[in-house]
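> Let me see the structure of the following:
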Amino acid sequence: MTTDPFRLRILKAITDALKEITPGNGYPTDLSDYTPAGGSTTVSRVYRGLDWPATDAELPAVTLLDRHISKTEQLAEALGIYTGALNKPVMPFDGSNQVNAWRLRLKGFAVDDLVNPSDNAIVLLTDVRKRLLIERQRVHPQQIRQPDPLGMGLVSANGSGNAVVDLLVGRGELRPANATYGHVYWHLDLVLSLSEDGTSPYA
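Below you'll find the model as predicted:
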């Protein structure tokens, strides 16, 4: 029994993975925690649940959010399942396990290059995609050749019914400065295929 529900554990695992993006690990970007000048408290560069970084946040920074699903997307997915274009695993009705697609959106913020404002943002996006794709290829340490994205454990191994089956990383999209945020930024979509036991979210 853990103190965090399964989906929060996933978000924390993504956060920890992104914090490993450091020059010491071979990346030009540094997303490790830092202590502001004159401060004594460590601050994270990776946030969960913030749409925009704090005005005093040191860049680069990344935020993790649920992605809003439009009605058009919902209808398209429903039509795909109905017509057979999408193969959705069938789970027994007498159990509490479900296979769900969880859509997340990451947003990245870097210091603008003075001549070409998007250059540093592209470097940050590249490093984040690389780290997430490495995580997608993670295999279970004991179950040979069994994929274990984010190291959350296999359904058969952890016995909880909760597992990350796959993690799909989007291409990312750069966005220009706007009235809300006066610098270049990007967003990157993730789709996690989850096996979930809704009656045991803390297992």
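
> In the longest helix that the chain contains, which residues are buried?
Taking DSSP state H as the criterion, the chain has its longest helix at helix 119-136. Using 16 or more other CB atoms under 10 Å as the test for burial, helix 119-136 gives 120-125, 127-129, 131-132, 135-136. Every residue, glycine included, has its C-beta placed from N, CA and C.

> quick check: mean pLDDT across that helix?
For helix 119-136, the mean per-residue pLDDT is 96.

> for that helix, the distance to its chain's centre please.
Chain-centre distance of helix 119-136: 12 Å, with CA atoms, centre = their mean, to the nearest Å.

> And it, what does it pack against?
Here helix 119-136 touches helix 6-18, strand 97-109, strand 163-169, strand 173-175, strand 185-197, going by 3 or more CB pairs under 8 Å, 6 or more residues apart in numbering; DSSP states H and E.

> who's in contact with residue 170?
Residues counted as contacts of residue 170 (CB atoms under 8 Å, 6 or more residues apart in numbering) are 188, 189, 190, 191.

> sorry, back to before: quick check: the two most widely separated of the buried residues of helix 119-136?
Greatest spatial distance in these: 120 and 136, 24.9 Å, computed using CB to CB.

> about what we covered before: contacts for the longest helix of the chain next, please.
Outside helix 119-136, the residues that reach it (CB under 8 Å, 6+ apart) are 14, 17-18, 20-21, 27-29, 31, 60, 62, 106, 108-113, 147, 149-150, 166-169, 172, 174, 184-186, 188, 190.

> if we can go back for a sec, out of the buried residues of helix 119-136, who's nearest residue 49?
Nearest to residue 49 out of the buried residues of helix 119-136 is residue 128 (CB to CB; 17.6 Å).

> hmm, back to that, would you turn the contacts of residue 170 into CSV with distance to residue 66 and pLDDT?
Shown next, in CSV, are the contacts of residue 170 (distance: CB to CB, whole Å; pLDDT from 0 to 100):
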residue, distance to residue 66, pLDDT
188, 14, 96
189, 11, 94
190, 11, 92
191, 12, 91
